[in-house]
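1. No sequence on hand, only this structure:
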């Protein structure tokens, strides 16, 4: 599992807009009982996508992905 987490972390670091990896890792952490770690991964993704959306407001993909993350977090974080 350590090598899998290392690969996942590398993907999340080098390709932060690839939200699917964040969701996979967060889901796995949640299943392992680490809700704090799962929330941390999702908030990291939220902050990344929010910055991307702010720097490029015409990009609908960032807006849609950010909306999905907000729903996943269960919070309205305008």
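-> Thanks, I have it. From a predicted model like this one, the values you see are computed outputs, not experimental measurements.

2. Can you check what pLDDT the model gives residue 75?
-> Listed pLDDT for residue 75 reads 55.

3. Please name the nearest non-neighbouring residue to the residue nearest the centre of the chain.
-> In the chain, the residue lying closest to the centroid (CA atoms, centre = their mean) is residue 45, at 3.0 Å. Nearest residue to residue 45 in three dimensions, chain neighbours excluded: residue 22, at 4.1 Å (CB to CB, 6 or more residues apart in numbering). For the C-beta atoms, the positions are set from N, CA and C on the backbone; glycine is no exception.

4. before we move on, what about residue 17?
-> Nearest residue to residue 17 in three dimensions, chain neighbours excluded: residue 52, at 6.1 Å (CB to CB, 6+ apart).

5. so which helix or strand takes in the residue nearest to the centre of the chain?
-> Taking DSSP states H and E as the definition, residue 45 sits inside helix 35-55.

6. Identify the residues contacting that helix?
-> 12, 16-17, 19, 22-23, 25-27, 29-30, 59, 62-63, 65-66, 69-70, 72-73, 77 (CB atoms under 8 Å, 6 or more residues apart in numbering).

7. now, which of the residues you listed lie within helices?
-> The helices, defined by DSSP state H, take in 12, 19, 22-23, 25-27, 29-30, 62-63, 65-66, 69-70, 72-73 from the contacts of helix 35-55.

8. Show the buried residues in those residues.
-> Neighbour counting with 16 or more other CB atoms under 10 Å marks 12, 19, 22-23, 25-26, 29, 62, 65-66, 69-70, 72 as buried within these.
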